[in-house]
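J.: Dropping a prediction and its sequence here:
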Amino acid sequence: MTITSKAYSKPRQPGSDEQATVAKNATICGDVQLDPSCRVLARAVLRGEGARVVIGAGTTVQSDTVLHADPGFPLHVERNVTIGHGAILVGCTIREGTQVGMQTVIETGVVVGRNCVITPGAYLKKGRVFPDNSLIVGAPAQVMRTLKPAPAVHHPQTAAAHPPRGLEAALC
């Protein structure tokens, strides 16, 4: 078990022995559920005020991110997602295996499909829906092309790829 602050883990499956990893200087408040083996790195802020925030198993929330729900708009990040440094997500849904680039902004009501790649600095405007396997670029964001699904998608490995030294540094 690697908890670097209070244990915020609320596993979906009772009896799970895996725990979330939370940096000491991350801020988590309100109705926030962290599933097993997710990682919340340095200076990340997760606020479940007005609705619930759920971070799925195997997901990595990198440093300096802000994730919060809005009244009537929960924030749900499914499993094996990577949320890049400095991203801001508000009351949206990010499906399994997606990579969210650094400094991306995702507004209320947005739904991003499975196995998408969102390029750094993209701006996903309120209420947009993006299909599975999309390469999402720009401000405002648009689908540049459809990614070819692969039998073994590389995104889950990316979410769990922090080497121990790098993880320790990120959990300062």
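T.: Nice, I can see it. Numbering: from 1, shown residues only.
J.: now the helices for this protein?
T.: Using DSSP state H, the helices found in the chain span residues 155-159, 164-170.
J.: same question for the longest one, mean pLDDT?
T.: Helix 164-170 shows a mean pLDDT of 53 in the predicted model.
J.: Likewise for stretch 24-36?
T.: 91.
J.: how far away is Met102 from Asp64?
T.: Relative to Asp64, Met102 is positioned 9 Å away (CB to CB, to the nearest Å). For every residue, glycine as well, the C-beta is placed using N, CA and C.
J.: Need the overlap of contacts for those two.
T.: His85, Gly86 (CB atoms under 8 Å, 6 or more residues apart in numbering).
J.: List the neighbouring strands of the longest strand seen in the chain plus their orientation.
T.: The longest strand of the chain (DSSP state E) is strand 45-55. Strand pairing for strand 45-55, determined by DSSP bridges: strand 27-34 (parallel), strand 66-68 (parallel), strand 75-77 (parallel).
J.: For Thr119, which of these is the nearest?
T.: Counting by CB to CB, Thr119 lies closest to strand 75-77 out of these; the figure is 18.1 Å.
J.: Name the residues that touch that closest one?
T.: With CB under 8 Å, 6+ apart, strand 75-77 has contacts from 48, 51-56, 59, 61, 67-69, 83, 89-94.
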